[in-house]
Each structure stands twice: as structure tokens, then as C-alpha cells.
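A.B. asks: I need the structure of the sequence given here:
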Amino acid sequence: QVQLVESGGGLVQPGGSLRLSCAGSGFTLNDYTIGWFRQAPGKEREALSCISSSDGTTYYVDSVKGRFTISRDNAKNTVYLQMNSLKPEDTAVYYCAAELGSHCGTITDFTWWGQGTQVTVSS
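C.D. replies: You can find the predicted model right below:
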């Protein structure tokens with residue numbers, strides 16, 4: 001059974017950093033393309049970043065490019081999202097998700113989702 005568990009969220013001041021973790025169980029995470037998403041209250045879920053299973057190619061939405069970094073630790077079966085220079089508008093519930101495709105697809109391509117972790121950026 002494919003399961004994803006996010007952790008690492010919390011309250012941080014503007015300009016601060018957090019590292020989110022997405023731990024996989026029941027499957028080898030490296031065999032799947034993994035994406036990070038977020039959903040703020042009253043807004044649609046948006047894709048932030050993705051790392052492909054084929055060759056580790058990464059993708060970032062413009063709003064987080066240069067601030068967020070996605071990485072994979074195969075030994076720990078975990079994907080991370082390092083978030084720096086956080087802004088109040090980054091406040092949202094953050095989700096990781098997995099898809100069987102070898103390249104980053106659209107949000108509808110992702111089949112398995114974690115439960116989410118809250119990130120709040122506020123002074």
C-alpha cells in the first residue's frame with residue numbers, strides 16, 4: 001500500500017526557512033515521480049515543485065524558483081522540500097504526492113497523496 005507522510009511544517013517568521021519531508025512507505029519512492037503542492041484557504045491547490053523518477057529532473061513554479069529546493073534521499077525513501085526566504089503568502093497546507101509517470105505531469109496525474117502539513121509564515 002502506497003503511503004506518503006509529510007512532516008516539518010510549523011510557524012516561521014518572514015524570511016525564515018523550513019524543510020518539509022515526504023516519507024514513503026509500502027513502495028520505493030525513487031520509482032515514482034514526486035511532487036510538492038500547497039493549498040491556501042479559499043484557493044485551489046497549486047503545484048510547486050516536482051522531481052522525476054527517470055533522471056531526477058526538477059521543476060519549480062515561478063513563485064518559488066530560487067527559494068525552494070526539492071531533493072531525494074533514496075536511502076531514507078524520503079523527498080524533501082527546502083524552503084528559504086519564506087513570505088506570508090507561502091502560508092498554506094503543503095502536500096506531497098506521487099505518480100507512476102517517469103516525468104513531471106500535471107496535478108491530475110498524481111495518484112497518491114499525503115495528509116498535508118501546515119506552514120504558517122507570520123511575525
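
A.B. asks: So the residue nearest the centre of the chain, which state does it fall into?
C.D. replies: Centroid check for the chain by C-alpha atoms, centre = their mean gives residue 36 as the closest residue, at 2.4 Å. Of the three states, residue 36 takes strand according to DSSP: H, G, I helix; E, B strand; the rest coil.

A.B. asks: quick one: contacts for it?
C.D. replies: 20, 22, 47-50, 68, 70, 79, 81, 94-96 (C-beta atoms under 8 Å, 6 or more residues apart in numbering). Where C-beta positions appear, they are placed from N, C-alpha and C, glycine not excepted.

A.B. asks: which of those residues tops the neighbour count?
C.D. replies: residue 96 (31 neighbours; other C-beta atoms under 10 Å).

A.B. asks: Who's the closest spatial neighbour of residue 64, skipping the chain neighbours?
C.D. replies: Leaving aside its sequence neighbours, residue 64 sits nearest to residue 48 (C-beta to C-beta, 6 or more residues apart in numbering; 5.4 Å).

A.B. asks: ok, what's across the strand from the residue nearest to the centre of the chain?
C.D. replies: residue 49, residue 96 (DSSP bridges).
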